[in-house]
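what's the 3D shape of this:
(2 chains)
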Amino acid sequence: MGPETLIDAIRTKLGPAVEGVADSFGDPVLILRSDSVLASMAALREAPFEYAVLLDLTCVDFAAPEGRFELVYHLFSLSRNVRLRLKASVAAADPAVESLTGLWKNAEWLEREVFDMFGVRFEGHPYLRRILTYEGFEGHPLRKTYPWRLAQPRIPLKDGE
Amino acid sequence: MSGFDFLTTRLETALGWGRKFSLFHYPFITACCGMEYMSAACAHFDIDRFGAGLTRFSPRQADLLLVVGTVPHKLAPVLRTVYDQMLEPKWVIAFGACAVSGGIYRNYAVVQGIDRIVPVDVYIPGCPPRPETVLDGLMKLQDKIQNQEQDWRWARKP
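Have a look, this model is predicted:
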């Protein structure tokens, strides 16, 4: 399946869930509607696309009122040896998206990291809790609104800031 | 050995001499500086030549705490606990830019120097420091131990 026919096949399969297509250094990028992420991923995981591996899941904060957070998913097909990048924008106020933990086990920790760093909620996640920062940490440090030097010490520090 | 049957010294001097050449160190290694620590500790540079070759992996048996690498706020209580578990007399070396000042990590996550958590005797700069720098820092600490007022438990406390 060549790149053009692949994109056409995916668009036919997913229908209105695909909002746009882009190209990144030869790899296809799909822009998804944020309310159809789970259904789209479930379809892409099955034949004929067979994207069996969730390589990465991360997020970008664009600090813009519209489409502030953009989730980025990287899929990989073992049988066809190709990659696919998918993006989905979520709103700035109470950002939330469906969890992929039902499809890929490794989504659990990736989603916890995005929740910890960006505060995006994943609906249906079995254990959505901070993973990198510690208990009692307030805010989400990779948001553009977080003061980047604001430390939250766990013990009293000498001449601390 | 006739004519050299006895030796006179001060108790402080003798204690300092014994202590500076029998440092048992506890390596608190969190980052890439650990590589330089390894080469300083192993045969090429060999801190054993300076009497600090005996690594203890329990803070209760160590008297030199080597903090090697970045200490984030998440780890700060652990470092404090390790220091508190060590027996007196004890010394601390901050090894590398991160332990000295936070290094390149000027952000929300990293403690800006471990002297915010524990008292530090010798700071070894460098990112990472070369083993020669480490040996120099060790010798500086030995000078400090030799010349400091020795704390010994049967001494009369003021």
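
From what I see, A:W109 and A:I131 are in contact.
Yes: if you go by Cβ atoms under 8 Å, A:W109 and A:I131 touch, sitting 6.3 Å apart. Quick note: C-beta positions are derived from backbone N, CA and C, even for glycine.

Quick one: name the residues of chain B near chain A.
B:73-74, B:76-77, B:80, B:106-109, B:111-112, B:115-117 (Cβ under 8 Å from any Cβ of the partner chain).

re the thing from before, neighbour count: A:W109 and A:I131, which is higher?
Per other Cβ atoms under 10 Å in any protein chain shown, whichever of A:W109 and A:I131 has more neighbours is A:I131, with 16 against 13.

B:T133 falls within a helix, correct?
Yes: inclusion of B:T133 in a helix is indicated when DSSP: H, G, I helix; E, B strand; the rest coil is applied.

how about the residues of chain B next to chain A in CSV, adding secondary structure and neighbour count?
Output for those, formatted as CSV (DSSP: H, G, I helix; E, B strand; the rest coil; neighbours: other Cβ atoms under 10 Å in any protein chain shown):
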residue, secondary structure, neighbour count
B:H73, coil, 20
B:K74, coil, 17
B:A76, helix, 23
B:P77, helix, 14
B:R80, helix, 17
B:R106, coil, 11
B:N107, coil, 14
B:Y108, coil, 19
B:A109, coil, 17
B:V111, coil, 26
B:Q112, coil, 21
B:D115, helix, 19
B:R116, helix, 19
B:I117, coil, 25
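
of all those, which comes closest to A:D56?
B:A109 (21.2 Å; Cβ to Cβ).

quick one: contacts for the closest residue to that closest one other than its chain neighbours?
Excluding its sequence neighbours, the residue lying closest to B:A109 (Cβ to Cβ, 6 or more residues apart in numbering or on different chains) is B:P72, at 4.8 Å. Contact analysis of B:P72 by Cβ atoms under 8 Å, 6 or more residues apart in numbering or on different chains lists B:109-111.

Likewise for A:D35?
When contacts are counted by Cβ under 8 Å, 6+ apart, A:D35 is found next to A:E98.

pLDDT at it, what is it?
Per-residue pLDDT puts A:D35 at 90.

pretty sure it is in a strand, no?
No: if the criterion is three-state DSSP, then A:D35 is helix and not within a strand.

A:A96 versus that one, what's the distance?
Applying Cβ to Cβ, to the nearest Å, the value for A:D35 to A:A96 is 10 Å.

Tell me the buried residues in stretch A:17-31?
A:17-18, A:28-31 (16 or more other Cβ atoms under 10 Å in any protein chain shown).
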